[in-house]
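Asker: 3D model of this:
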Amino acid sequence: MTGWALRFLRGSGVLALAALVGQLAGCALVASEKPGALRAEVIARQGPPTAVVALPSGERLIYSELPAGFAAYNLDFDPSGRLVRNEQVLTQTRFETIPVGIWSVRDVQGTFGPPLRVERVARFDGDIWTYRFRQQSDPRLAHVHLDRQGVVRMVMFTDELPNFDNTRD
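Answerer: So this is what the prediction gives:
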């Protein structure tokens, strides 16, 4: 590879890293949004949300750090567009409270946002939605098992292990 090509790749890598850092810093700012804030002002400060969910009494904006981060914030607004609740939902406690056999794909997506990945395995007839989160400082994964009808059948937890393939170039 020529010298200019290497400089270009290094430069674009720096730009990509800067964009990622900016995105993660932006999510940290989402945590600072206080009740009473107006929806339009929140969007002006934070940018477009990852997802918008209609609620019986208003609207939820989900700001997710996935796939790179470990948090997702639910900002719930009343019908007048005022923030009433700001909650970081990617926690073990929150996943443990999923009502198995009752919640559907819509409930999972409307609470946690889009998953890190969707997988299938031979021993389960349905999709497994995986979310990253931290328990204290440890990276963990929550695996939400959804049957073919889209109903939650099980939630399992594993430790997120480092990707040992990163040592090869």
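Asker: residue contacts, residue 83?
Answerer: Counting by C-beta atoms under 8 Å, 6 or more residues apart in numbering, residue 83 makes contact with 33-39, 42, 75-77. In short, each C-beta sits where N, CA and C put it, glycine included.
Asker: same thing with residue 94?
Answerer: Residues in contact with residue 94 (C-beta under 8 Å, 6+ apart) are 111-112.
Asker: Which of the three states applies to it?
Answerer: helix (DSSP: H, G, I helix; E, B strand; the rest coil).
Asker: tell me the pLDDT at it?
Answerer: pLDDT recorded at residue 94 is 98.
Asker: Please flag which of the contacts of residue 83 sit within strands.
Answerer: 75-77 (DSSP state E).
Asker: Which of the contacts of residue 83 has the largest number of neighbours?
Answerer: residue 75 (23 neighbours; other C-beta atoms under 10 Å).
Asker: In space, what's closest to it - neighbours in sequence excluded?
Answerer: residue 61 (4.5 Å; C-beta to C-beta, 6 or more residues apart in numbering).
Asker: Buried residues, stretch 94-112. List them.
Answerer: Neighbour-count burial for stretch 94-112 flags 94-95, 98, 103, 108-112 (criterion: 16 or more other C-beta atoms under 10 Å).
Asker: Adding secondary structure and distance to residue 81, write those residues out as CSV.
Answerer: As requested, the buried residues of stretch 94-112 are exported to CSV (DSSP: H, G, I helix; E, B strand; the rest coil; distance: C-beta to C-beta, whole Å):
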residue, secondary structure, distance to residue 81
94, helix, 25
95, helix, 30
98, coil, 29
103, coil, 27
108, helix, 26
109, helix, 23
110, helix, 19
111, helix, 21
112, helix, 23
